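> make a model of this:
(one chain, ligands or ions: 2)
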Amino acid sequence: MKLSIQKCSNYNPENLEMALERLIQPFGSFSGILKDRRKVLIKPNLLSAKSPEKAVTTHPSIVEWFVRGFQKIGASVYLGDSPPIGIGRIEEYWKKTGMSDVVEKTGAKFLYFEKETSRMHRIASGKLQTDISLLDMAFDKDVLILNLAKLKSHNLTVITGAVKNFFGLVPGLQKPKLHKIFPDSFDFGKLIAQIAQLFPNSFTVIDGITGMDGDGPAGGNPINTCVLLASEHPLAADLAFCKIIGTSPESLPIISESLKLNPHVTLEKIEISGNSLSEVKYSGFNLPKAPLFLKIPKPLFKLVQKLIKPKPRICQSKCIKCRACINICPAHAISLNDSSDTVKLNYSKCIACFCCTEVCPKNAIDIHIGSLLNLLKFLRALLRRY
Ligand code: SF4
Ligand code: SF4
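Numbering: from 1, shown residues only. Ligands and ions are numbered 1, 2, ... in the order given. As a prediction, this is how the structure comes out:
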């Protein structure tokens, strides 16, 4: 198994093109990646309707470069994602993230996942199981899925990279409902790891030129991680991501579950080309606050959960009452209080999935952690320093 790493400090066309060419060269460039398939489904991370410099979504210059490269060798190229939409329409997401321009310039075709045919899959995690409908085209043997992920932190799963990006192949509002069915982070991680496992017909690239840390995946801080990663296996790219930011893959809900499903994927066994992992190391990646509670043993967590459970908190002065959070919340924990004209949270219903933070267009929802978690955070920072 191969992993390719390229340092790249910005999205300027000459820099970027050179880095991308070097990135895919170890895989035989476009024809080596496409093999005998004739179609490419590009799946960028289009989580929010935000402009590329916010670092929430895969940069359009990378998407465009891949569209053109695959078109040049005769492939039909499709582009799509299914972000959690609380308000508005998918077209708004395509426009703001720069994808409409890519399609206009290249003639690639947008896919509305919600309008395409889907097929059902039964997925079990822990004692729970459910049927999920997934985009039918993604199973087509003639289709390469180009998994164009983004290097970001994530309030529920700590990081969101390559394996998590496959969750967007689940069309529509099933995604928030799945949070309700699998509220435990590790059960949710197992669900995502199993979804990614269904698509061996993929090739992964992580856009980490500008990454995100802090309270990702939508409201964190853009950071200059200056790296591009590519692999035939999404887990290989995510293991590299963990190494670069100095976090243990075994402690992360999705990656630890993916490791159980793919014990053969280890950094020691992967052939690395381009830059070495030490050359692209990023010190000072701020992990999100909320997942600190993952480190607390479950029996203890049950005892002290009131003190430590992270909670979304609405900043009323930023809120424009658009209702996106109300529409997306799988636990119906948010409502509009007509008399006070404020958006209210019912904490007894909240399952801490943080879907509301992902859809808020004004970053008006932050995450409040209890005093015990604050203490843990302080101790962690202290341990890192010494
Ligand atoms: S309020 Fe936010 S974090 Fe709580 S369940 Fe609803 S969407 Fe999830
Ligand atoms: S908190 Fe955000 S998503 Fe919810 S109503 Fe206000 S602006 Fe809209």
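> wait, a helix at F167?
Yes - counting by DSSP: H, G, I helix; E, B strand; the rest coil, F167 is found in a helix.
> contacts only, for it.
175, 192, 195 (Cβ atoms under 8 Å, 6 or more residues apart in numbering). (Glycine included, C-beta is placed from N, CA and C.)
> can you show me the CA trace of stretch 170-188 as PDB?
The C-alpha atoms that make up stretch 170-188 are tabulated as PDB, following Å, rounded to 0.1, in the frame of the first residue of the first chain:
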ATOM      1  CA  VAL A 170     -25.600   8.900   2.700                       C
ATOM      2  CA  PRO A 171     -28.200  11.200   1.000                       C
ATOM      3  CA  GLY A 172     -30.400  13.700   2.700                       C
ATOM      4  CA  LEU A 173     -31.500  14.000   6.300                       C
ATOM      5  CA  GLN A 174     -30.700  10.400   7.200                       C
ATOM      6  CA  LYS A 175     -27.400  11.700   8.600                       C
ATOM      7  CA  PRO A 176     -28.700  13.600  11.600                       C
ATOM      8  CA  LYS A 177     -31.100  10.800  12.300                       C
ATOM      9  CA  LEU A 178     -28.200   8.400  12.500                       C
ATOM     10  CA  HIS A 179     -26.700  10.500  15.200                       C
ATOM     11  CA  LYS A 180     -29.800   9.800  17.200                       C
ATOM     12  CA  ILE A 181     -29.700   6.100  16.600                       C
ATOM     13  CA  PHE A 182     -26.000   5.900  17.400                       C
ATOM     14  CA  PRO A 183     -25.500   8.700  20.000                       C
ATOM     15  CA  ASP A 184     -22.300   7.100  21.500                       C
ATOM     16  CA  SER A 185     -19.200   8.500  19.600                       C
ATOM     17  CA  PHE A 186     -17.600   5.100  19.300                       C
ATOM     18  CA  ASP A 187     -20.800   3.400  17.900                       C
ATOM     19  CA  PHE A 188     -21.100   6.300  15.500                       C
END
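> that one and ligand 1 in contact?
No - counting by Cβ under 6 Å from any ligand atom, ligand 1 has no neighbours in stretch 170-188; the shortest distance is 6.6 Å.
> near ligand 2, anything from that stretch?
No - counting by Cβ under 6 Å from any ligand atom, ligand 2 is not contacted by stretch 170-188; separation bottoms out at 13.3 Å.
> any idea how far stretch 227-241 is from the middle of the chain?
With Cα atoms, centre = their mean, to the nearest Å as the basis, stretch 227-241 stands 13 Å off its chain's centre.
> so the protein: which segments form each domain?
Annotated domains of the chain cover 2-280, 290-385 [automatic domain parsing].
> reformat those as CSV; add mean pLDDT.
Listed next are the domains of the chain as CSV, based on pLDDT from 0 to 100:
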stretch, mean pLDDT
domain 2-280, 96
domain 290-385, 82
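> deepest of the ones you listed, which one?
When the domains of the chain are scored by mean count of other Cβ atoms under 10 Å, the highest mean neighbour count falls to domain 2-280 (a mean of 20).
> quick one: name the residues of this protein near ligand 2.
Checking the chain against ligand 2 by Cβ under 6 Å from any ligand atom, the hits are 314, 319-325, 343, 359-360, 362, 364-365.
> and with 5 Å instead?
314, 319-320, 322, 324-325, 343, 360, 362, 364 (Cβ under 5 Å from any ligand atom).
> which of those lies closest to F241?
The closest of the residues of the chain next to ligand 2 to F241 turns out to be C360 (Cβ to Cβ; 25.5 Å).
> list the contacts for the residue nearest to the closest one when sequence neighbours are not counted?
Using Cβ to Cβ, 6 or more residues apart in numbering and skipping residues adjacent in sequence, the residue nearest C360 is C325, 5.8 Å away. Residues counted as contacts of C325 (Cβ under 8 Å, 6+ apart) are 86, 314, 334, 343, 356, 359-360, 365.
> what strand or helix carries C325?
Assigning secondary structure by DSSP states H and E places C325 in helix 324-328.
> is any residue of that helix near ligand 1?
No - against ligand 1, helix 324-328 shows no contacts by Cβ under 5 Å from any ligand atom, the least distance being 6.1 Å.
> could you point out which element follows that helix?
strand 334-337.
> circling back: out of the residues of the chain next to ligand 2, which comes closest to E268?
C360 (41.3 Å).
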